[in-house]
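*Asks:* here you go, sequence then predicted model.
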Amino acid sequence: MYRCALSLTLAATCLVAQAQQHRPFPATALRGELQITQFPSVLMNGKPARLAPGARVRNDVNLWVPPAGLTGQKLVVHYTVESSGLIMDVWILNPVEFANKPWPTTPAESATWQFNPGNQTWIKR
């Protein structure tokens, strides 16, 4: 019994510690509000969009989650868009990542701002 309780406590501590760290996002990642309406259809920032075949959604501790299980929830995310315009990668933000501002919400912003991949910050030029 003691070993199980210790293992569960250790696992929970590791998940909390992982959630408090910045994940490395690509410079192409944009910030937005995602709502899955009827998989693979979504609303991104209130506008209709679609998830790409093979799209990956990761929760706030970087674990893969099935997108259909998030239907109806409004989530603040970072996401990438493939060349066809479909959403490919989605990261649900934890509180530390959400506090990392500013972050571009449009491709035009990311084209005019400067990204520092080392500390995952953007500087408006």
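*Replies:* Nice, I can see it.
*Asks:* in whichever helix or strand residue 57 is part of, which residues are buried?
*Replies:* Using DSSP states H and E, residue 57 falls within strand 47-58. The neighbour-count check on strand 47-58 (16 or more other C-beta atoms under 10 Å) flags 49, 51-52, 55, 57-58 as buried. (C-beta placed from N, C-alpha, C; glycine too.)
*Asks:* likewise for stretch 91-111?
*Replies:* For stretch 91-111, burial by neighbour count (16+ other C-beta under 10 Å) applies to 91-94, 97, 100, 103-104, 110.
*Asks:* centre of the chain to it, how far?
*Replies:* In terms of C-alpha atoms, centre = their mean, to the nearest Å, the centre of stretch 91-111 is found 9 Å from the chain centre.
*Asks:* same question for that stretch, mean pLDDT?
*Replies:* In this model, stretch 91-111 has a mean pLDDT of 95.
*Asks:* could we number from 836 for the rest of this?
*Replies:* Sounds good: first residue 836 from here, last item stretch 926-946.
*Asks:* now for the buried residues of stretch 926-946: which two are most distant?
*Replies:* Using C-beta to C-beta, the buried residues of stretch 926-946 span at most 21.3 Å, a distance reached by 929 and 945.
*Asks:* quick one, what contacts the nearest residue to residue 955 once chain neighbours are set aside?
*Replies:* Counting by C-beta to C-beta, 6 or more residues apart in numbering, residue 857 is the residue found nearest to residue 955 once chain neighbours are left out, at 4.9 Å. Going by C-beta atoms under 8 Å, 6 or more residues apart in numbering, residue 857 touches 931-932, 935, 954-955.
*Asks:* let's go with 7 Å and repeat that
*Replies:* 931-932, 935, 955 (C-beta atoms under 7 Å, 6 or more residues apart in numbering).
*Asks:* closest one of the residues you listed to residue 867?
*Replies:* Among the contacts of residue 857, residue 932 lies closest to residue 867 (C-beta to C-beta), at 13.3 Å.
*Asks:* alright, that wraps it up for me.
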